[in-house]
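Q: can't give you the sequence, but here's the structure:
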């Protein structure tokens, strides 16, 4: 109940950022179009896009698309409590569940139209199902485990690194169950593999902006994952304090091994050490921290949870203002208020990750100025990007007023000028026949108006 109240608070206030705009674009395509999109980009995200497609049938707002994540983050608190109760009793369960509710990172990705909150839910659910299966050895408990692992992979395939810790746990706790565990993993893998194959070769298109992580990135992983060094450090310290008995070290390994494995992949294979990809370890660490707090008197343990929640309040407030440094909503409002019938618009750069064209369609619908350089849109391209005409001067013919919406450099943060993100041919066509009459700055964008 607490987690639901926290995650639901102002969940629709922050506008969608670029990843959510990609979700919104995919959600409004047909199922065949989503599968075709997956052949070009985001192949491993196709299961989540299919869920978003179902949700889009209930409404067009970003809040509707965020609903599965909100429900997942809420349920994660409950399942974390069940996990802690099964291992260490009711007081550990109470502290663990409330810790999940108090974590700013759970609110952040519980209010995000992507699969990270779902991955956190199925990570802790799979761990709980593994405990049940090892205790009972019943086939339906192993089936429940396989199903949880399947949904974990469908939510976010890198979350399957959790299975490294599970393999160690099975080997240590009940080695004779290793064959049953492998069978469960195989069942899950069979359902995940088609989307893995879709995503083969798409790393450059999706993560080409990443560079290899530094050792300092690994050292600061608590802050990166928890979004707060103080909160992340406190939860990790409490988790370490709980390391006694059989299950606590194994649960800690289930949280630690994915971090180390992802860093190794980043260093040895390809860069992908991104904090949000590891959100699924948060509930496992909260379960361990709940055990440490259960050793205190109940009022003192709850006081620690309250203190951590209070420390996170400023961050919680910030998360409910914006999810990015780009103010798409204000940019859309400015263009909407000042545009005239017959106006055109040019997006710059068109092939980057700004998704400004998607944002304006999200906020303005059919009231967006004509995309004068558009040759084929994202759906026709089975992509997240449109393509533009090869002869800008010809495409601008017949248009007397043109807006440019230029995104800042996402890597350096350098502010964009009105035309410096355009191609040379586009610059020549615009500067040769138009004069600039206005320019406005919003966070992340420069908006300019040119008149013939």
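A: Structure's in. What do you need? It should be emphasised that the depicted structure is a prediction, and the values quoted were computed from it without experimental measurement.

Q: how is this protein carved up into domains?
A: 2-319, 328-451 (automatic domain parsing).

Q: so of those, which one's packed in deepest?
A: Neighbour counts (mean count of other C-beta atoms under 10 Å) averaged over each of those peak at domain 2-319, with a mean of 20. C-betas here are computed from N, CA, C, even on glycine.

Q: Need the distance between the two termini of it.
A: 18 Å (C-alpha to C-alpha, to the nearest Å).

Q: Could you do stretch 427-438 as well?
A: End-to-end for stretch 427-438, by C-alpha to C-alpha: 17 Å.

Q: can you list contacts of that stretch?
A: Outside stretch 427-438, the residues that touch it by C-beta atoms under 8 Å, 6 or more residues apart in numbering are 338, 346, 392-393, 396, 402, 404, 418-419, 422, 448-452.

Q: how far is it from where the chain is centred?
A: When C-alpha coordinates are averaged (C-alpha atoms, centre = their mean, to the nearest Å), stretch 427-438 and its chain have centres 39 Å apart.

Q: Likewise for stretch 289-297?
A: 31 Å.

Q: which residues touch that stretch?
A: Under C-beta under 8 Å, 6+ apart, the answer for stretch 289-297 is 80-81, 84, 87-89, 91-97, 99, 235, 238-239, 241-242, 248, 301, 304-305.

Q: likewise stretch 444-452?
A: By C-beta under 8 Å, 6+ apart, stretch 444-452 touches 324-328, 331, 334-335, 338, 354, 356, 399-408, 415-419, 430, 433-441.

Q: just to revisit the earlier point, possible to save the domains of the chain as JSON lines with mean pLDDT?
A: Formatted as JSON lines, the domains of the chain follow (pLDDT from 0 to 100):
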{"stretch": "domain 2-319", "mean pLDDT": "96"}
{"stretch": "domain 328-451", "mean pLDDT": "94"}
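
Q: quick one on the thing from earlier: sitting in strands, which of the contacts of stretch 444-452 do you find?
A: 401-407, 435-441 (DSSP state E).

Q: which of the residues you listed sit farthest apart?
A: Using C-beta to C-beta, the ones in strands among the contacts of stretch 444-452 span at most 22.8 Å, a distance reached by 407 and 435.

Q: so who does the residue nearest the centre of the chain touch?
A: For the chain, residue 114 is the residue whose C-alpha lies nearest the centre (C-alpha atoms, centre = their mean; 4.5 Å). Residues in contact with residue 114 (C-beta under 8 Å, 6+ apart) are 19, 20, 23, 48, 69.

Q: from these, which single one is nearest residue 5?
A: Looking across the contacts of residue 114 and measuring by C-beta to C-beta, the closest to residue 5 is residue 69, at 15.6 Å.

Q: So which other helices or strands are in contact with the helix or strand where residue 233 lies?
A: According to DSSP states H and E, residue 233 maps onto helix 229-241. Contact partners of helix 229-241 among helices and strands, from 3 or more C-beta pairs under 8 Å, 6 or more residues apart in numbering; DSSP states H and E: helix 221-226, helix 247-268, helix 282-294, helix 298-311.

Q: Contacts for the second one, please.
A: Applying C-beta under 8 Å, 6+ apart, the set of residues contacting helix 247-268 from outside is 87, 127, 131, 158-159, 161-162, 164-166, 168-169, 172-173, 212-213, 217-218, 221, 225, 239-240, 242-243, 272-273, 277-278, 280-281, 284-285, 287-288, 291.

Q: How far away from the center of its chain is that helix?
A: On C-alpha atoms, centre = their mean, the centre of helix 247-268 falls 20 Å from the chain's centre.

Q: for the third one, same thing?
A: Relative to its chain's centre, helix 282-294 lies at 23 Å (C-alpha atoms, centre = their mean).

Q: That one vs helix 229-241, what angle?
A: 70 degrees (axes from the mean of the first three to the mean of the last three C-alpha atoms, to 10 degrees).

Q: quick one: contacts for the nearest residue to residue 410 once chain neighbours are set aside?
A: Leaving out its chain neighbours, the residue that sits closest to residue 410 by C-beta to C-beta, 6 or more residues apart in numbering is residue 353, at 6.0 Å. When contacts are counted by C-beta under 8 Å, 6+ apart, residue 353 touches 18, 209, 410.
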